[in-house]
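Visitor: Next input, structure requested:
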Amino acid sequence: MMKNYVGGPLEVVMLDYGPPDNVIEIGAGERAYQWRSRLAFAGAAFALVGTALLASCASQVMKNYVGGPLEVVMLDYGPPDNVIEIGAGERAYQWRRVNTEAVTGTTSGEVRQTRHGERYEVSESPGYVKETECFYTFYARAAGTRWIVTNFRKPKLECE
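Guide: Predicted structure coming up:
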C-alpha cells in the first residue's frame, strides 16, 4: 500500500521507492514521476491488468484521452514505443503490446472394431501459444511546450 506523499518532498518518496523509472515534463516547472514495481510478480500483474484494460475496450479508453495532454497517457501506460513526426507540430505516439494466450491441446479416442478385435484409436491436437501484436496510436498537436491528443487510430479488431 502506498503512503500519501502529497505535499511532501520528493526525497522522502525516493527513500521508500528508490529513483523513479520515468520522469515526464508536464508543464512550467512541473514534472510527473513514475515508479515501476520492484517485485517481478506485481510488475507482471500490473502489465497484465494494463494490457487487459487496453484490450477489453481499447477504442473507448483511447477516446477519453482526446483533448487532454499527452502526459496523461504516458502516466497511465509509460513512455511510447515509437514517436513519429507526421507534419509541422504534429506527431503520432505509438504503444506496442503483445498479448500472449496459451491454447490447450486436446486428446480424444474411440474404440474401433477390426478383424482382430477391438482397437482404441487416439486423436491428439497439440497445444500452442498464440501471440497477437497490438499497436495503440495517439495523434497529438503541439500547444506551446506541451502536446495535446487530437485523435487516435482505432486498433485492429483482435486488439479491441
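Visitor: Give me the next element, helix or strand, following the worst-scoring helix or strand of the chain on mean pLDDT.
Guide: The weakest-scoring helix or strand in the chain, judged by mean pLDDT, DSSP states H and E, is helix 40-63 (a mean of 57). Proceeding C-terminally, helix 40-63 gives way to helix 70-77 as the next helix or strand, assigned by DSSP states H and E.
Visitor: Quick check: which helices or strands does that following helix pack against?
Guide: strand 22-27, strand 30-34, helix 40-63, strand 90-103, strand 128-143, strand 146-153 (3 or more C-beta pairs under 8 Å, 6 or more residues apart in numbering; DSSP states H and E). To be clear about C-beta, it is placed using only N, CA and C from the backbone, and glycine gets the same treatment.
Visitor: residue contacts, Thr107?
Guide: If you count contacts by C-beta atoms under 8 Å, 6 or more residues apart in numbering, Thr107 has them with Val122, Ser123, Glu124.
Visitor: beta partners for it?
Guide: Glu124 (DSSP bridges).
Visitor: Return the most buried member of the helices and strands packed on helix 70-77.
Guide: Here the criterion is mean neighbour count by mean count of other C-beta atoms under 10 Å, and of the helices and strands packed on helix 70-77 the winner is strand 146-153, at a mean of 17.
Visitor: Tell me which other helices or strands it touches.
Guide: Looks like strand 146-153 contacts helix 40-63, helix 70-77, strand 90-103, strand 128-143 (3+ C-beta pairs under 8 Å, 6+ apart).
Visitor: repeat that with 10 Å
Guide: Applying 3 or more C-beta pairs under 10 Å, 6 or more residues apart in numbering; DSSP states H and E, we find strand 146-153 packed against strand 22-27, helix 40-63, helix 70-77, strand 90-103, strand 128-143.
Visitor: Rounded mean pLDDT for that strand, please.
Guide: Confidence for strand 146-153, expressed as mean pLDDT, is 95.
Visitor: Number the chain from 47, please
Guide: With the count now opening at 47, the last piece we talked about shows up as strand 192-199.
Visitor: tell me the angle it makes with strand 174-189.
Guide: 140 degrees (axes from the mean of the first three to the mean of the last three C-alpha atoms, to 10 degrees).
Visitor: Tell me how far the closest residue to Gln80 other than its chain neighbours lies from Tyr79.
Guide: Closest residue in space to Gln80, ignoring its immediate chain neighbours: Asn68 at 4.0 Å, by C-beta to C-beta, 6 or more residues apart in numbering. In this structure, Asn68 and Tyr79 are 7 Å apart, going by C-beta to C-beta, to the nearest Å.
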